[in-house]
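# Any chance you could fold what I've pasted below:
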Amino acid sequence: MSSILKKIIFFSITLSVLLTPIFVVQAQYGIGETIKDTPLASFKSITLQTMTGNVLGAVLSLVGIVFFGLMIFGGITWMTAAGNQQKEKDAMNMILSASIGLILILSSYVLVAWVFNAFKTS
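I've put the predicted structure just below:
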């Protein structure tokens, strides 16, 4: 390739890399119309109870995922122990601890739901 062609290609690539963010930042892509249909449009009508419920739902989803992962890991550890009593004991302790943790989290959720229902304003 000639040096002039290399310079033209280099200049074109450099110019496109530098100018692309400018066009992307200024483009709207219909965001104004789309946001009207989202829950964020009615952000002013969100109450403390709704926000707390959403946060608790997200936390409980995360707890469920962690519990599932611990149970799978404990089960695999138990299955691959190959007669090693210490590995079997560790796997059983992991499964037991994950189950106790899940019971504690769910019981605390029931307690919080009961408190919120007791103080709910009608």
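# Show me the longest helix that occurs in this protein.
In the chain, with assignment by DSSP state H, the single longest helix is helix 85-118.
# elements contacting that one?
Using 3 or more Cβ pairs under 8 Å, 6 or more residues apart in numbering; DSSP states H and E, the elements in contact with helix 85-118 are helix 48-79. Where you see a C-beta, it was placed from the backbone N, CA and C, and this is true even at glycine.
# Off-centre distance for the helix it packs on?
Average the C-alpha atoms of helix 48-79, do the same for its chain, and the two points are 11 Å apart (Cα atoms, centre = their mean, to the nearest Å).
# between that helix and helix 85-118, how big is the angle?
Here helix 48-79 runs at an angle of 170 degrees relative to helix 85-118 (axes from the mean of the first three to the mean of the last three Cα atoms, to 10 degrees).
# Looking at helix 48-79 now, give me its mean pLDDT.
Across helix 48-79, the average pLDDT comes to 85.
# again, but for stretch 114-122
Across stretch 114-122, pLDDT averages out at 74.
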